[in-house]
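**Q** sequence and computational prediction follow.
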Number of protein chains: 4
Amino acid sequence: MTIQELPTADWPDSKAAAVSLTFDVDAEAGWLGEGDEYERRLTILSEGRYGVTRGVPRILDLLRRYDISATFFVPGHTAEHHPAMVASLLDAGHEIGHHGHLHLRSDKVSEQQQIDEIDNGLEALERLGVPRPKGYRSTSWELTPETFALLVERGFLYDSSCMGDDRPYIESWDGREILELPVHWSLDDWPRFGWNIDGGGNVADPEELRRCWTAEFESARAERRHTSFTMHPEVIGRPYRLAQFEQVVAHMAESGDVWFARLDEVAELVAPRLQVAS
Amino acid sequence: MTIQELPTADWPDSKAAAVSLTFDVDAEAGWLGEGDEYERRLTILSEGRYGVTRGVPRILDLLRRYDISATFFVPGHTAEHHPAMVASLLDAGHEIGHHGHLHLRSDKVSEQQQIDEIDNGLEALERLGVPRPKGYRSTSWELTPETFALLVERGFLYDSSCMGDDRPYIESWDGREILELPVHWSLDDWPRFGWNIDGGGNVADPEELRRCWTAEFESARAERRHTSFTMHPEVIGRPYRLAQFEQVVAHMAESGDVWFARLDEVAELVAPRLQVAS
Amino acid sequence: MTIQELPTADWPDSKAAAVSLTFDVDAEAGWLGEGDEYERRLTILSEGRYGVTRGVPRILDLLRRYDISATFFVPGHTAEHHPAMVASLLDAGHEIGHHGHLHLRSDKVSEQQQIDEIDNGLEALERLGVPRPKGYRSTSWELTPETFALLVERGFLYDSSCMGDDRPYIESWDGREILELPVHWSLDDWPRFGWNIDGGGNVADPEELRRCWTAEFESARAERRHTSFTMHPEVIGRPYRLAQFEQVVAHMAESGDVWFARLDEVAELVAPRLQVAS
Amino acid sequence: MTIQELPTADWPDSKAAAVSLTFDVDAEAGWLGEGDEYERRLTILSEGRYGVTRGVPRILDLLRRYDISATFFVPGHTAEHHPAMVASLLDAGHEIGHHGHLHLRSDKVSEQQQIDEIDNGLEALERLGVPRPKGYRSTSWELTPETFALLVERGFLYDSSCMGDDRPYIESWDGREILELPVHWSLDDWPRFGWNIDGGGNVADPEELRRCWTAEFESARAERRHTSFTMHPEVIGRPYRLAQFEQVVAHMAESGDVWFARLDEVAELVAPRLQVAS
């Protein structure tokens, strides 16, 4: 893998920073993909469903109030089981990206299953009238060489699963390239708040998320970078947590220095500058 | 599983929020249910017993001072070994709910053991003169389809084990329905404070619990919701932790906007509105 | 196990609270007891040794400045390998309690090994001229029925391994009784700060320890209780952590309301009141 | 192992404290050394690479602004794959220390592999024109007797892997000795921030790192000690974290009381005082 030199950022309306709010709507698929035993664990399934029932509506309301278009990554299974939620995302003008079908980790399954994850996910979204996704985000941010090659073959405009930079960059493997809109665990709500009875986890103070993400924005602003935040509706959608995240959004909006953009908008803008091979 | 539309909340005395304080009195059963080896681990058993010896009395004192009726979920085994504690709960007018018998996780045992957990728990409480419980809370918040069906068959008015909403709702599975008074890990003291020598855990700052739970109350108040908090007497009963929780209670009481209610009171009020099948 | 009613506390000089500072000097034994592979893990052994080299001297200095007598639990193996450290504890008038020999967890070894842990530990201390210990603290706070019986048979005045109360109480098992000076994980520095490469752990803010332990003292003061804090010299002896703990000590000392006492002093005072069977 | 008495510190220009900033540039090797499966986990590899791409440049900029020479430990594999990064370190006058070749844990591999780690790492650095390293830091701070003996045989001036003191000291094993410039987990960024999908980890508030490390500096200053901090460019190089670390650096610089020194400079100064056998 190599990193090309990145052109100086130049965002619309001369904004100092570009920010994408992204949401992975894993719902039940987030757990079902972990193993068959989850099919009969009703509580953990219901926790995933909370993301659809309560998390997404609260998030849509927040985005509406700040007039922000965001990106939602939706597994095929989630879309099939929650079509009204998918429609609500499209109605509000948000981007729907590809997030696999059964939320299987690419490094844990066969090559054929990896192919199925991509193609079944595409078909599920297509059946619901979702425009063909331009972007892909891998399950648990695991990306194998086989899935990487598939992304290039299927013609995705961008991937959002790697951590090789904190600006848009070109990720490459074995001669193939894709535009990467990178992510990081510390800019994801799960490592701070994800907790379950079998493996534990962290129970962070939401004020820490507010401080850290606000500081990340300030650094992006100072460096004229794009940055993105990753959330899960069942996690950040808890109202007392969302209240802290809203403070981050309010801070960014009040700065007057931010271009809130969907990942596809960012990708369309930067892809020509980075000269991604196609 | 489907979610019905929920009627606008309307609480007694026009209070903005309904709040239930709930306590799972696991005592020794909380550990014995994890495996036979716990029978000879005297320290961990004594930590469970602390909940009965010191936690419950402190909690009863706090509830008395704020004139709050609360809900205690008591496994049959705990009730049998601590009958005076059970009597003290009844004397103070609190609700006793069903919490299994040996604190076995429903997803880890056979269907017959699941039946025994329900029926033996009912019998143990009955022998002690406890009114037949209207509510059930599953061990470790694991709920299988078999136990779900049992709850409906045994006629429980409500369950309090799922996380599919943050308001009372109808949980359904395979054509059966039950009124759900939902919970969440982040509104439980265990994920923040539970620690043991084998698996570790978190050792949170109790001030974080105070801030988060106060914020949860404020969101419930703004949304005119019911919310509930789940505690374990051996965990929250540590005096320096209870002092922080008391600040949450004081804040809610001083708001003048809260209806403190036992879960059965909430269930009786909302069940007709939600039209749970019976 | 049963809990007897406890007499109202009455501390010397009419102090409101009795406080014991206790230190488990595990040193290399703390790791060697976990398995043979630790014999060749030089870094983790050196971390244990730091407790002897740097932790104990810093702690002795702090205790001297506040004129406090404390209790140190020293495994036989640690005493044999660090005799000068043992002498320094005795010279300063501190109590040395029994903490096993090879720091083996009683629930993980045979009954004979449990006997050896007790008797070899006693012999190791005796050979170094340490007065026969009146108190015992179990490794990792695991206490089996066999070791419990041994404590009674060997005539220990008190145990300090259980968590069944937050006041001195009588712990009993199978008809045997011992005076218990209880402990708790949250009043121990290890759960907050213990971290290793294999299993991770927490890296708490020492200011949280300061706030929580100060609050624990204030609750003991309000309830006229005895309380104790458990520390490990290699953990709390890190200077930036000890600085926070010193603030707890300073707060207690300045209150004018505290009787700092070794555990054996507390045991001698309360044993007659609790009428422990002997 | 024995600890010799340490001479009173006496730092250049009568500074009260000596401080070394050290960085382990593990990059991809940090994960590849954990097992073959990491070769196809593109995201985790890209996270390691971020340290080279973004972390090191940000760190070099910070060091330049404060005119600090630092120590970078670079595995042979990292050096081979990122030669321009190595050149940038040398150009800026920083020390490059030995950090193995494939980042294999010495306690997990054969004696021959331990030899290869040392010798292949030396050769890789030599091929890139790096001056022969005077110092060694073990992978994951695991140091076996065999690797310890190798360090002495290969003539390293110092090791920086143990935790037996918080001042430079002589570490010894089986009759061999080496100058140790010690470390500690709590003075390392990984335990606070390292998180991955398989094993979790902590997601600390960077303000806690700022407070704790500032307090560590203040204690070193008061005790006229040397201390060192260990960081990983992919961890501390996240801009919102580096901003907090910069506050630590700024505090130390503004104190006027600090000698910022590379570990080799500290080693050259203290080795004669400690009379390390050679």
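**A** Structure's in. What do you need?
**Q** any idea which helix or strand comes after the least confident helix or strand in chain A by mean pLDDT?
**A** Taking all helices and strands of chain A together, the one with the lowest average confidence (mean pLDDT, DSSP states H and E) is helix A:29-32, at a mean of 91. Using DSSP states H and E, the helix or strand that follows helix A:29-32 towards the C-terminus is helix A:42-50.
**Q** just the CA atoms of that next one, as CSV, please.
**A** Provided in CSV are the C-alpha atoms of helix A:42-50 (Å, rounded to 0.1, in the frame of the first residue of the first chain):
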residue,chain,number,x,y,z
LEU,A,42,-34.4,-11.5,22.3
THR,A,43,-33.0,-8.8,24.5
ILE,A,44,-29.9,-8.2,22.4
LEU,A,45,-32.0,-8.2,19.2
SER,A,46,-34.3,-5.7,20.7
GLU,A,47,-31.4,-3.5,21.6
GLY,A,48,-30.3,-3.5,17.9
ARG,A,49,-33.9,-2.8,16.9
TYR,A,50,-33.9,0.3,19.2
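**Q** gap between that helix and the chain center?
**A** In this view, helix A:42-50 has its centroid 20 Å away from the chain centroid, taken as CA atoms, centre = their mean, to the nearest Å.
**Q** next up, the contacts around the residue located most distally from the centre of chain A.
**A** Note on chain A: the largest separation between a C-alpha and the mean C-alpha position, by CA atoms, centre = their mean, falls on A:Arg40 (27.7 Å). A:Arg40 is in contact with B:Asp107, B:Thr144, B:Pro145, counting by CB atoms under 8 Å, 6 or more residues apart in numbering or on different chains. Heads up, the C-betas are built off the backbone N, CA and C, glycines and all.
**Q** ok, now how distant is the first one from chain D?
**A** The one in question is B:Asp107. As for B:Asp107, its distance to chain D is 22 Å (criterion: CB to the nearest CB, to the nearest Å).
**Q** contacting residues for that residue?
**A** Remark: with contacts taken as CB under 8 Å, 6+ apart, B:Asp107 is in contact with A:Glu37, A:Arg40, A:Arg41, B:Glu142, B:Thr144.
**Q** selection in PyMOL covering whichever of these are buried, please.
**A** Buried residues within the contacts of B:Asp107, as defined by 16 or more other CB atoms under 10 Å in any protein chain shown, are selected in PyMOL through the command that follows:
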select buried, (chain A and resi 40+41) or (chain B and resi 142+144)
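**Q** now, among the contacts of B:Asp107, which is nearest to D:Arg211?
**A** Within the contacts of B:Asp107, distances to D:Arg211 taken as CB to CB reach their minimum at B:Glu142, with 39.5 Å.
**Q** can you pull the pLDDT of that closest one?
**A** Taken from the predicted model, the pLDDT recorded for B:Glu142 is 97.
**Q** who's in contact with the least confident helix or strand of chain A?
**A** Surrounding helix A:29-32, the residues in contact under the criterion CB under 8 Å, 6+ apart are A:38-39, A:41, A:44-45, A:48, A:75, A:77-78, A:101-103, A:232.
**Q** find the closest residue to chain C in the stretch 51-200 of chain A.
**A** Checking the stretch 51-200 of chain A residue by residue against chain C with CB to the nearest CB singles out A:Gly200 as nearest, at 10.3 Å.
**Q** hmm, that residue is touching D:Gly199, no?
**A** No - in terms of CB atoms under 8 Å, A:Gly200 does not count as a neighbour of D:Gly199; the distance is 11.0 Å.
**Q** what segments of chain A are strands?
**A** Here chain A has its strands, by DSSP state E, at A:17-24, A:71-74, A:95-98, A:135-136, A:158-159, A:169-173, A:176-180, A:195-196, A:200-201, A:226-231, A:258-260.
**Q** need the CA coordinates for the third one. PDB is fine.
**A** I take that to be strand A:95-98. As requested, C-alpha coordinates have been extracted for strand A:95-98 and formatted as PDB (Å, rounded to 0.1, in the frame of the first residue of the first chain):
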ATOM      1  CA  GLU A  95     -27.100   9.000   1.400                       C
ATOM      2  CA  ILE A  96     -27.500   5.200   1.800                       C
ATOM      3  CA  GLY A  97     -24.200   3.400   1.600                       C
ATOM      4  CA  HIS A  98     -23.400  -0.300   1.400                       C
END
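**Q** how about the nearest residue to the residue sitting nearest the centre point of chain A, chain neighbours excluded?
**A** Nearest to the mean C-alpha position of chain A, counting by CA atoms, centre = their mean, stands A:Thr22 at 4.3 Å. In space, not counting the residues next to it along the chain, A:Thr22 is nearest to A:Thr71; the distance is 4.6 Å by CB to CB, 6 or more residues apart in numbering or on different chains.
**Q** show me the contacts for the one you found.
**A** If a contact means CB under 8 Å, 6+ apart, then A:Thr71 has A:Ser20, A:Leu21, A:Thr22, A:Phe23, A:His94, A:Glu95, A:Ile96, A:Gly97, A:Gly135, A:Arg262, A:Leu263, A:Asp264 as its contacts.
**Q** for those, which one is nearest chain B?
**A** Using CB to the nearest CB, the shortest approach to chain B within these belongs to A:Phe23, at 18.0 Å.
**Q** would you confirm that that closest one contacts A:Pro233?
**A** Yes - counting by CB under 8 Å, A:Phe23 sits close enough to A:Pro233 to count as a contact (5.9 Å).
**Q** overlap in contacts, the two.
**A** Counting by CB under 8 Å, 6+ apart, the shared contacts of A:Phe23 and A:Pro233 are A:Val56, A:Ile59.
**Q** hang on, the earlier thing: just the pLDDT for the residue nearest to A:Thr22.
**A** According to the prediction, A:Thr71 has pLDDT 98.
**Q** specify the beta-bridge partners of it.
**A** In this entry, A:Thr71 is beta-bridged to A:Thr22, A:Glu95, by DSSP bridges.
**Q** what about it, distance to A:Glu171?
**A** Spatial separation of A:Thr71 from A:Glu171 under the definition CB to CB, to the nearest Å is 18 Å.
**Q** ok, and the closest non-adjacent residue to the residue of the stretch 51-200 of chain A closest to chain C?
**A** Distances taken as CB to CB, 6+ apart put B:Gly201 closest to A:Gly200, at 6.2 Å, once the chain neighbours are dropped.
**Q** can you check A:Glu180 too?
**A** Nearest non-adjacent residue to A:Glu180, counting by CB to CB, 6+ apart: A:Glu171, 3.9 Å away.
**Q** kindly report the same for A:Ala271.
**A** Nearest in space to A:Ala271, with sequence neighbours left out and distances taken as CB to CB, 6+ apart, is A:Leu179 at 5.2 Å.
**Q** go ahead and confirm A:Val203 touches B:Phe193.
**A** No - here A:Val203 lies out of contact with B:Phe193, judged by CB under 8 Å, at a distance of 9.3 Å.
**Q** save the contacts of A:Thr71 as CSV, and put in distance to B:Asp159 too.
**A** Compiled in CSV, the contacts of A:Thr71 are given as follows (distance: CB to CB, whole Å):
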residue, distance to B:Asp159
A:Ser20, 39
A:Leu21, 35
A:Thr22, 34
A:Phe23, 29
A:His94, 34
A:Glu95, 38
A:Ile96, 34
A:Gly97, 36
A:Gly135, 40
A:Arg262, 40
A:Leu263, 40
A:Asp264, 42
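**Q** a markdown table for these, including pLDDT?
**A** Rendered in a markdown table, the data for the contacts of A:Thr71 read as follows (pLDDT from 0 to 100):
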| residue | pLDDT |
| --- | --- |
| A:Ser20 | 98 |
| A:Leu21 | 98 |
| A:Thr22 | 98 |
| A:Phe23 | 98 |
| A:His94 | 98 |
| A:Glu95 | 98 |
| A:Ile96 | 98 |
| A:Gly97 | 98 |
| A:Gly135 | 98 |
| A:Arg262 | 98 |
| A:Leu263 | 98 |
| A:Asp264 | 98 |
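**Q** coming back round to it: tell me which of A:Gly200 and D:Gly199 has more neighbours.
**A** With other CB atoms under 10 Å in any protein chain shown as the criterion, A:Gly200 and D:Gly199 differ in neighbour count, and A:Gly200 comes out ahead with 17 against 10.
**Q** contacting residues around the more buried one?
**A** For A:Gly200, the contacting residues are B:Pro191, B:Gly199, B:Gly200, B:Gly201, B:Asn202, D:Gly200, taking CB under 8 Å, 6+ apart as the criterion.
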